[in-house]
Structure formats: structure tokens, C-alpha cells
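*Asks:* Build me a model from this:
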Amino acid sequence: MINVQPVITGIKTMIDMFSLQFMQNAFLAGMMLSFVLAVVSFFVVLRRLSFIGVGVAHSAFGGVALGALLGISPTLTAIGFAVVVSNAIGYIGKKGHLGTDTAIGIFFPLAMAMGVIFIGRSFWVSFWKHSGNHQTRFDCHCSLRRVGTPFNSAVF
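*Replies:* Predicted coordinates:
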């Protein structure tokens, strides 16, 4: 005999979840977006911009990291960085000999790599300023590790 009690409990939990007002709002917002985006996605694919959301969203990571490195608002630098990257994608897509998806594919990993470098530098710079011991560095696993010089290994 098959025990269906866990399935019934799961269904009851999902139904109970919709008694919360924010879940009802989230469901309605998702339904409205699904209808709008079903129409808009057709034009996005025709214009070869299917990768643009991912590319610009991930390029904002480079802006956040730049803000952390410079000690200014990460939100403002993320917005600025995303605007610069999206304009560069548009410029290369229109003026260059590359397709828009190709330009997005170039700038997406470039902006992510710059973000990784900026984050690594910001951790290294902040630790360098506060440590007094220039033979240690901060790595991404939140531990201190001895290195010969700060420049002889990767940032993290």
C-alpha cells in the first residue's frame, strides 16, 4: 500500500501558503508578468537580445565590486557600470561587425572578471591597510594565509 500522507501534507502546506497576503501578491505579480513577458520575449528574440538581461545583471556585479574597492556607494557604481556596459553592447552591436548576442557574450564574462578582480583588490587593500603585517593577505575563505609577497600570487 502506498503512503499518500506526505503528499496530502505537502498540498495542504502549499494551499496554506496562499493565505498570506504577500504570497497572494507575489502570485498575482507573477501571473501578470508571465502574460506581458510572453509577448515581449518574441521581440527580444527577434532582435537577438535574448542574453541581455543576464549580461547586464551580471555586469552590475562589476559595479558593486568597483564601489567596494573605491569606498563609494555600490548601488550607484552598479547602476553606472551596468549603463556603461549596456551602452557598449549597443554600440558594438550597431557599429561593429559583431552581432548583439556576441557583444553580450563578450561583455558578460569581462564584467564578471573585472568584478572578481575588484572584489579581490578591495579585500586585499582593506586588509593591507589594517594589518601592519605585509606578509599576510585576506583570501575569500575568510582566513589569513602566509605568502612571500603580496604580489606573488593571485588576489584570492
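
*Asks:* Find the centremost residue of this protein, please.
*Replies:* The structure's the chain has its C-alpha centroid closest to His58; by C-alpha atoms, centre = their mean the separation is 3.7 Å.

*Asks:* isn't there a strand covering that residue?
*Replies:* No: in this structure, His58 is helix, not part of a strand, as judged by DSSP: H, G, I helix; E, B strand; the rest coil.

*Asks:* For this protein, which segments count as helices?
*Replies:* In the chain, the helices defined using DSSP state H lie at 5-17, 21-46, 52-70, 74-95, 100-131.

*Asks:* Show me the shaky parts of this structure.
*Replies:* 123-156 (pLDDT under 70).

*Asks:* tell me the residue furthest from the middle of it?
*Replies:* Met1 (47.7 Å).

*Asks:* give me every residue that touches that one.
*Replies:* If you count contacts by C-beta atoms under 8 Å, 6 or more residues apart in numbering, Met1 has none. C-beta: built from backbone N, CA, C; applies to glycine.

*Asks:* Ok, Gly53 next?
*Replies:* Counting by C-beta under 8 Å, 6+ apart, Gly53 has no contacts.

*Asks:* any idea how far it lies from Leu98?
*Replies:* 19 Å (C-beta to C-beta, to the nearest Å).

*Asks:* and if you look at Gly63?
*Replies:* 23 Å.

*Asks:* what about stretch 59-79, start to end distance?
*Replies:* Start-to-end span of stretch 59-79 (C-alpha to C-alpha, to the nearest Å) is 9 Å.

*Asks:* which residues touch that stretch?
*Replies:* 80-82, 85-86, 107-108, 111-112, 114-119, 121-122, 125.

*Asks:* Quick one: buried ones out of those residues?
*Replies:* 81-82, 85-86, 107-108, 111-112, 114-119, 121-122 (16 or more other C-beta atoms under 10 Å).

*Asks:* ok, of these, which one's closest to Val40?
*Replies:* Set against Val40, the nearest of these by C-beta to C-beta is Ser86 (16.9 Å).
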